[in-house]
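Peer 1: Pasting the sequence and the predicted coordinates here, then a few questions.
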Amino acid sequence: MSPGEDMKGNEAPIKKRLPASERRRMILDAALQTFVEFGYHKALMETIAERAEVTKPILYRHFPSKLDLLLAIIDRTGEDLRRSLLQPESSEMDWITAIRSSVRSYFDFVEREESGFRLIYATDLNVDPRTQEKVTEIRTAMIDVVNQRMRYYTDTELVSDEQMYITAVMVVGMVESTVINWLNNRKLPRELYEEHLTRGVTDILSKLPARRR
């Protein structure tokens with residue numbers, strides 16, 4: 001049997017060497033699937049390596065521990081969520097249309113990245129103080145995005161920064177709890193959740209003084 005042939009004399013497939021970034025993505029995808037399926041504590045690094053089609057030494061070269069994997073997944077999910085909420089909106093978009101667009105973007109993200117969202121928001125991640133810190137950072141970033149969007153449509157000379165911040169906190173809390181309920185109750189259509197959430201957010205924000213445009 002010559003080099004490059006299998007036991008039957010056929011040419012053995014040559015594995016293409018993946019870029020480090022692509023290998024890292026595959027490892028994170030495999031880890032996310034494993035964490036969601038088995039839970040963080042019961043997930044095995046060996047299982048993650050098998051699903052990512054890498055050896056354990058390569059896995060540990062990228063991520064020295066299971067906790068490092070979890071933290072990287074939280075970071076990636078948080079950044080993806082932030083980008084989805086920062087999608088540019090037309091400057092001519094009215095207040096209600098902007099709210100509806102943002103609500104739809106959030107639902108789109110959750111539907112696309114359901115496993116990551118569930119891992120962060122619908123799972124007990126009290127495995128290390130750093131995990132809770134990162135989840136708090138994601139929520140804080142969301143509040144900041146909502147706050148900035150609100151300011152575009154609000155006369156900020158008539159409302160304090162504290163009022164704006166608290167309103168943003170209320171909106172983010174409402175959105176998160178509504179989406180989690182939708183994930184756990186798919187008997188009701190997504191469109192119904194979107195419409196009622198848009199109405200609820202609009203009702204809250206309608207109390208703010210509108211900016212003259």
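Peer 2: Received, thanks.

Peer 1: just for this protein, where's the confidence low?
Peer 2: For the chain, residues meeting the criterion pLDDT under 70 lie at 1-16, 88-92, 122-124, 213.

Peer 1: Spatially central residue for it, please.
Peer 2: Thr77 (3.6 Å; Cα atoms, centre = their mean).

Peer 1: Looks like that residue contacts Arg118 (just checking).
Peer 2: No - counting by Cβ atoms under 8 Å, Thr77 does not reach Arg118; the two are 9.9 Å apart. Glycine gets a C-beta too; all of them are placed from N, C-alpha and C.

Peer 1: Quick one: the helices in this protein, in order.
Peer 2: 20-38, 45-52, 56-62, 66-85, 95-112, 114-121, 129-153, 161-183, 190-205 (DSSP state H).

Peer 1: Please name the nearest non-neighbouring residue to Tyr60.
Peer 2: Nearest residue to Tyr60 in three dimensions, chain neighbours excluded: Met45, at 7.6 Å (Cβ to Cβ, 6 or more residues apart in numbering).

Peer 1: contacting residues for the one you found?
Peer 2: Lys56, Leu59, Tyr60, Lys66 (Cβ atoms under 8 Å, 6 or more residues apart in numbering).

Peer 1: Equivalent analysis for Val135, please.
Peer 2: By Cβ under 8 Å, 6+ apart, the neighbours of Val135 are Ile74, Ile120, Tyr121, Leu125.

Peer 1: List the residues that contact the first one.
Peer 2: Right, the one you point to is Ile74. Neighbours of Ile74 in contact, by Cβ under 8 Å, 6+ apart: Leu119, Ile120, Leu125, Thr131, Lys134, Val135, Ile138.

Peer 1: starting at the chain centroid, how far to stretch 167-181?
Peer 2: Stretch 167-181 has its C-alpha centroid displaced from the chain centroid by 15 Å (Cα atoms, centre = their mean, to the nearest Å).

Peer 1: Stretch 75-88 now?
Peer 2: Relative to its chain's centre, stretch 75-88 lies at 7 Å (Cα atoms, centre = their mean).

Peer 1: do stretch 137-157 as well
Peer 2: Counting by Cα atoms, centre = their mean, stretch 137-157 is centred 18 Å from the centre of its parent chain.

Peer 1: the domain parsing of this protein - what is it?
Peer 2: Here the domain assignment for the chain is 17-64, 70-205, based on automatic domain parsing.

Peer 1: could these go into JSON lines alongside distance to Arg212?
Peer 2: Supplementary listing: those in JSON lines, determined by distance: least, Cβ to Cβ, whole Å:
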{"stretch": "domain 17-64", "distance to Arg212": "46"}
{"stretch": "domain 70-205", "distance to Arg212": "7"}
